[in-house]
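Peer 1: Sequence plus predicted model, see below.
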Amino acid sequence: GDSVTQMEGPVTLSEEAFLTINCTYTATGYPSLFWYVQYPGEGLQLLLKATKADDKGSNKGFEATYRKETTSFHLEKGSVQVSDSAVYFCALSRAAGNKLTFGGGTRVLVKP
Amino acid sequence: KAGVTQTPRYLIKTRGQQVTLSCSPISGHRSVSWYQQTPGQGLQFLFEYFSETQRNKGNFPGRFSGRQFSNSRSEMNVSTLELGDSALYLCASSPGTEPRETQYFGPGTRLLVL
């Protein structure tokens, strides 16, 4: 079945540091890939997505590129802020029907 | 547009009781999905409804059920609650059912079973 693996956290960084969260997936065909973010006490917010190979999703300084050859969708941000502290989830959607398969989540803590 | 709303936001029940959670999707969205989030199991798909029909179901026991109304609002019901049902239940809506469509999540209902 489909699965998503992402690096375990917590990831602790200083402000303005570079952030990378690795995400790899297993799925047949050509899934759509997503990064969602969850702030404390809230639901999930879409951060970015990519729907076909080599697509780059970007939003709020975050980027991720859909790499079919390595089945990866790593999230990066060049300079993090304290406000980026949250839990980040990588997810895929494959067949018709809105079933998202999530990774385990990565908690990121940015210190001033 | 107003976002996805879920009621109630917090709920405390005891084992053996049943509970109904409600979700109102974004206006114009016809697909509603439900997810369970726990520290141990993470985010797991429960089921998805589109035009009042359940189109997809996750691997949960029959105690978990749902329905969708003609206005796309959805409810999920959990009967005979167990301690392990304590979780954050998230609802998400999207316009249709294409895999590339973004699902928009509500704030969740936090259920505590005592």
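Peer 2: Here it is on my side, so go on. Numbers count the residues shown, from 1 in each chain, chains lettered A, B, ... in the order given.

Peer 1: list the buried ones in stretch A:18-30?
Peer 2: By neighbour count on 16 or more other C-beta atoms under 10 Å in any protein chain shown, the buried set for stretch A:18-30 is A:19, A:21, A:23-25, A:27. Any C-beta I mention is one placed from the backbone N, CA and C, and that applies to glycine too.

Peer 1: measure it end to end?
Peer 2: 29 Å (C-alpha to C-alpha, to the nearest Å).

Peer 1: Reformat the buried residues of stretch A:18-30 as CSV; add distance to A:Gly61, pLDDT and secondary structure.
Peer 2: Listed next are the buried residues of stretch A:18-30 as CSV, based on distance: C-beta to C-beta, whole Å; pLDDT from 0 to 100; DSSP: H, G, I helix; E, B strand; the rest coil:
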residue, distance to A:Gly61, pLDDT, secondary structure
A:Leu19, 10, 97, strand
A:Ile21, 14, 97, strand
A:Cys23, 18, 97, strand
A:Thr24, 23, 97, strand
A:Tyr25, 23, 96, strand
A:Ala27, 28, 91, coil
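
Peer 1: Sort out which one of those residues lies nearest chain B for me.
Peer 2: A:Ala27 (10.3 Å; C-beta to the nearest C-beta).

Peer 1: and that closest one, what is it in contact with?
Peer 2: The contact partners of A:Ala27, taken as C-beta atoms under 8 Å, 6 or more residues apart in numbering or on different chains, are A:2-3, A:71, A:92, A:94, A:101.

Peer 1: in which helix or strand would I find A:Phe34?
Peer 2: Element membership for A:Phe34 (DSSP states H and E) is strand A:32-38.

Peer 1: for that strand, what is the average pLDDT?
Peer 2: Strand A:32-38 comes out with an average pLDDT of 96.

Peer 1: Which residues does that strand contact?
Peer 2: A:23, A:25, A:44-51, A:57, A:62, A:64, A:66, A:73, A:75, A:86-94, A:100, A:102, A:105, B:99-100, B:102, B:105.

Peer 1: one step back: need the max-distance pair from the buried residues of stretch A:18-30.
Peer 2: A:Leu19 and A:Ala27 (25.0 Å; C-beta to C-beta).

Peer 1: list the buried ones in stretch A:37-54?
Peer 2: A:37-38, A:43-44, A:46-51.

Peer 1: How far off centre is the helix or strand following the strand holding A:Phe34?
Peer 2: Next along the chain after strand A:32-38, taking DSSP H and E as the criterion, comes strand A:44-50. Per C-alpha atoms, centre = their mean, to the nearest Å, the displacement of strand A:44-50 from the mean C-alpha position of its chain is 8 Å.

Peer 1: Listing request: residues of chain B with sub-threshold pLDDT.
Peer 2: Applying pLDDT under 70 to chain B picks out no residues at all.

Peer 1: can you count the residues close to B:Phe69?
Peer 2: The burial count assigned to B:Phe69 is 11, neighbours taken as other C-beta atoms under 10 Å in any protein chain shown.

Peer 1: same deal with the one 10 residues further on?
Peer 2: Other residues near B:Ser79 come to 14 when the count uses other C-beta under 10 Å.

Peer 1: Now it, what are its backbone angles?
Peer 2: phi -100, psi 160 (degrees, to the nearest 10).

Peer 1: What separation is there between the residue lying closest to it once chain neighbours are set aside and B:Ser65?
Peer 2: Excluding its sequence neighbours, the residue lying closest to B:Ser79 (C-beta to C-beta, 6 or more residues apart in numbering or on different chains) is B:Gln18, at 4.4 Å. B:Gln18 sits 10 Å away from B:Ser65, going by C-beta to C-beta, to the nearest Å.
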